[in-house]
Every structure is written in C-alpha cells, then in structure tokens.
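Colleague: Give the three-dimensional model of this entry:
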Amino acid sequence: MDKVLELLGRPGPLFAADLARFEREAADLVAGARFLVIGGAGSIGRAVTRELFKRNPALLHVVDIAENNLVELVRDLRSGLGYISGEFATFAIDSGSDLFDAFMENGPGYDYVLNLSALKHVRSEKDPYTLMRMIEVNVLNTDGAMRRARSRGARKYFCVSTDKAADPVNMMGASKRIMELFLARRSEELPFSTARFANVAFSDGSLLHGFGRRLEKDQPISAPRDVRRHFITESEAGELCLLSCLLGENRDVFFPRLEGEAVPLTFSELATRYLRGRGYEPHECGTEDEARSRVGELRARGRWPVYFFESDTTGEKDLEEFHTGRETVDLTRFEAIGVVKLGRDFDEARLAKFERSIRDMRERGTWTRGELIDLFNETLPEFRHKETGRFLDGRM
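Modeller: Numbering: from 1, shown residues only. Presented below is the predicted three-dimensional model:
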C-alpha cells in the first residue's frame, strides 16, 4: 500500500483518523452480526470482505459469479488473517438469478447486506446488449437484492455508487444515479447507505492495473494526457464501504474528501511515475504502431514505449466530482469523509416507466442503444450524455 500511496503522491492512508475514532463502534457492530457481501470477489468486494473478516463477524457469506476469484479470496484470507470464530463461506452464484432467490429464501438471513456487484466501465455503453446488462446489474439486480434483503429481515442495505453519478455524462454514471433513486424509493422499507468513489488505483480492469499487465506481456503503455482523476487505494475503498455500511444513516452517500490530500492526476502522469518506479524511463511515441514496434529495442536501453493522446471518447469528463450544488452535504461528521444527504425527491412515475420500458424491450427481444439513451434522458432530466461516437475499445 505504501508504494501505491507514493505513486499517488499522498503521505499516508486517507481514513486513518476516522477509523481510529470510530473503530470501537464499528467493531461492536460487526461482532455478533451476520453479513452477506454480494460481488465480494471483485477488487472492492475483496477489500470490504477483508475489513469485515478482521472484525470477527458471527457469519460472513460472500456471493460472486467469478469462481476463480472466490477461490483466491479464500486463499488470501486464510493465508493472511486465518480464521474467524463465526461461519465464513463463499457461493459461486449470479446475484440476478433464480438460484440467488433460492439462496436468500432458504438461507439464515442477514443483518447487513452489502452489494458490490457492478458494471463499472464507461466503455460498457458501446453496444445495446452490454448496456442492457449494465442496467440489469447496476439498477434492477441492486433493487431486487434490496427487496430480498428486506423480506429476510435485514437491518441495513449497502451498495456501491460512483463519483460518475454526480451530474452524469455517461450511461454508467447515469445508471448508478438511477440506482440511487430506486434505493431512495425503497428506503422507507429498509434503510440504506452507499458510497461514491474516486478511481480505485490498480483495481481489476482499471487502467493502472493494465499498466502492470502491459509490462508482463512486453506491450506499450497507452493513456490519455488530458483526463484528471482523484484516486484511492483498494484498502481505502474497503474502509469507506465499511464505514458507510455501519455508520451511515438512511440515504447517506459517503465520499472521500481528497481536496486537501493530493491534486488530481492525469493518467499520463501516473504512467510516467509507474514506469520510473519499475526502473524504466518512458519514451513517448507518436503513434500506436510505433509504440507497439519498439518495445524490445527500448526495453534493452532501460526505456519503455508510451503513447499519450487527447481524450475523445464517449462519456469522459475532464474531472469527476462527488456531489452537485443541488445536494445537501455534511462535512462535519468525519475528518476525511463527506456525506451527501439524499432526499426522497424521486419521481415515482418516471421510475415506474423506466422499469416498464426495460421489461417491454426485454420481452420483445430487441432494442437499440438510442432507445436506452432516450429512456435515460427521460428518467434523469439533468443527464447530459457526452456522445462522441468513439469508445475506449477503439483505443490501444
């Protein structure tokens, strides 16, 4: 973690003071309680599961569709932390399936249900089928899991949002904003809280994670030079989720306060720092073809080819934000965490039409990306979709 913080230009862990202040309360809430973590084998899910495991819950179940990642999660916990006195088990099932329904109906019941499953990439809006899957996972399955949690007597529901949900310009962020509205609609039945993240450095599938893979495969590094982002570590993401789940009030959205910690970084700056940390000096190439062709030659001289470009892909903001000027924000309760206080200002008719329209599309078996964008625009009047006709899959 120290190396990641050094790469990000931060002196220490972000939430250390808040964790120290609230550790006794958090530990007391975990001890004796039953937890279900959905999507617990992804990067953030693993971090959350580890935070819960360290505090010895009475029961900890983890559900994820990725069987191999669940195996690695178990190996990591057993090798790093050992065992808890309560029950710990993993289940390789899809949280949107009838198998999950049976699992919930016949299971022990949970005090806390944490949902970390998500399609998180902006590029997932490139075609109508992946986009529909994103709606299914980020909105409908999240709402369905909350409904099942309530029916089985849960005390609290937590799910993960994104900084891209604040004044969204892409479909991924808009799907998470619609998810927040669906949860607010159900919040009178079951309290919930959530968290809007910065980019999680080196999380699975992230550009930073890809830097390491490129070096492993003797491939050049490519990154935009004009997109600036705030970053937190995987451990910090787990801590933020833990604190939101345990300490958040109904309809609270936790977010990291990074303004005093570090300036946002461009991906090209991070690529340069990363390569120098690995012992290579970046060599900027003028084209993708040049970068691909010069790996062997440059590596032999202690250099590595990079291709930096101006961003022109759909749905990218120059800099993400965690809240809007229209939202009520509490900056007094925590030192390094802000809290958006969501209201119940959803439009029931719009949400009902969203559900009905998605169901109708699925039943007829055909839909277009344009239809889905139009539906998002109608559901979220503040949505300003940034369409360029280019997607990250068209980049190196």
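
Colleague: was I right about Cys241 contacting Cys159?
Modeller: No - counting by Cβ atoms under 8 Å, Cys241 stays clear of Cys159, with 9.4 Å between them. C-betas here are computed from N, CA, C, even on glycine.

Colleague: what do those two both touch?
Modeller: Shared contacts of Cys241 and Cys159 (Cβ atoms under 8 Å, 6 or more residues apart in numbering): 114, 116.

Colleague: what packs against the helix or strand Gly45 falls within?
Modeller: Per DSSP states H and E: Gly45 is located in helix 43-54. Applying 3 or more Cβ pairs under 8 Å, 6 or more residues apart in numbering; DSSP states H and E, one finds that helix 43-54 contacts strand 34-38, strand 59-63, helix 67-80, helix 234-247.

Colleague: Out of those, indicate the one that is most buried.
Modeller: strand 34-38 (a mean of 26; mean count of other Cβ atoms under 10 Å).

Colleague: which other residues reach that strand?
Modeller: 45, 48-49, 52, 57-64, 95, 108-117, 145, 149.

Colleague: how far is the helix holding Gly45 from where the chain is centred?
Modeller: Centre-to-centre, helix 43-54 and its host chain are 13 Å apart (Cα atoms, centre = their mean, to the nearest Å).

Colleague: pLDDT averaged over it - what is it?
Modeller: Across helix 43-54, pLDDT averages out at 97.

Colleague: quick one, that helix and helix 234-247 angle?
Modeller: Angle between the axes of helix 43-54 and helix 234-247 is 60 degrees (criterion: axes from the mean of the first three to the mean of the last three Cα atoms, to 10 degrees).

Colleague: Please report phi then psi for the closest residue in space to Gly32 that isn't next to it in sequence.
Modeller: Spatial nearest neighbour of Gly32, excluding adjacent residues (Cβ to Cβ, 6 or more residues apart in numbering): Ala58 at 5.1 Å. Reported as degrees, to the nearest 10, the phi and psi values for Ala58 are phi -70, psi -30.

Colleague: and the gap between Ala58 and Phe182?
Modeller: 30 Å (Cβ to Cβ, to the nearest Å).

Colleague: likewise Val253?
Modeller: Between Val253 and Phe182 the distance is 14 Å, computed by Cβ to Cβ.

Colleague: And those two? Which one has more around it.
Modeller: More neighbours surround Val253 than the other of Val253 and Phe182, with 25 against 20 (other Cβ atoms under 10 Å).

Colleague: which residues touch Arg333?
Modeller: Listed by Cβ under 8 Å, 6+ apart, the contact set of Arg333 reads Val339.

Colleague: how far away is it from Phe22?
Modeller: With distances taken as Cβ to Cβ, Arg333 is found 10 Å from Phe22.

Colleague: tell me, what's touching these two both at once?
Modeller: Common neighbours of Arg333 and Phe22, using Cβ under 8 Å, 6+ apart, do not exist here.

Colleague: Can you pull out the residues in contact with the helix or strand hosting Ala271?
Modeller: Per DSSP H and E, Ala271 falls inside helix 267-277. The set of residues external to helix 267-277 that reach it, using Cβ under 8 Å, 6+ apart, is 3, 6-7, 207-208, 211, 221, 223-225, 227, 229, 231, 281-282, 304, 306, 308.

Colleague: Now which of the residues you listed would you call buried?
Modeller: Listed as buried from these are 7, 207-208, 211, 221, 223-225, 227, 229, 231, 282, 304, 306, 308; burial here means 16 or more other Cβ atoms under 10 Å.

Colleague: Just those: which are in strands?
Modeller: Residues from the buried ones among the contacts of helix 267-277 lying in strands, with DSSP state E as the criterion: 221, 223-224, 229, 231, 282, 304, 306, 308.

Colleague: Let me know the closest of those residues to Phe376.
Modeller: Among these, Arg229 lies closest to Phe376 (Cβ to Cβ), at 23.2 Å.

Colleague: Report the beta-bridge partner residues of the closest one.
Modeller: Leu265 (DSSP bridges).

Colleague: from memory it sits against Ala201, does it?
Modeller: No - counting by Cβ under 8 Å, Arg229 does not reach Ala201; the two are 9.6 Å apart.

Colleague: Now do the same contact list for Thr379.
Modeller: Here Thr379 is in contact with 178, 350-351, 353-354 (Cβ under 8 Å, 6+ apart).

Colleague: Now do the end-to-end distance for stretch 37-51.
Modeller: Using Cα to Cα, to the nearest Å, the end-to-end distance of stretch 37-51 comes to 12 Å.

Colleague: Just checking the distance from that stretch to the centre of its chain.
Modeller: Centroid separation for stretch 37-51 versus its chain: 11 Å, with Cα atoms, centre = their mean.

Colleague: try stretch 5-24
Modeller: 19 Å.

Colleague: now swap in stretch 309-323 and tell me
Modeller: A distance of 16 Å separates the C-alpha centroid of stretch 309-323 from that of its chain, computed with Cα atoms, centre = their mean.

Colleague: For that stretch, which residues meet the burial criterion?
Modeller: So, applying 16+ other Cβ under 10 Å, buried residues of stretch 309-323: 309, 311, 313-317, 320, 322-323.
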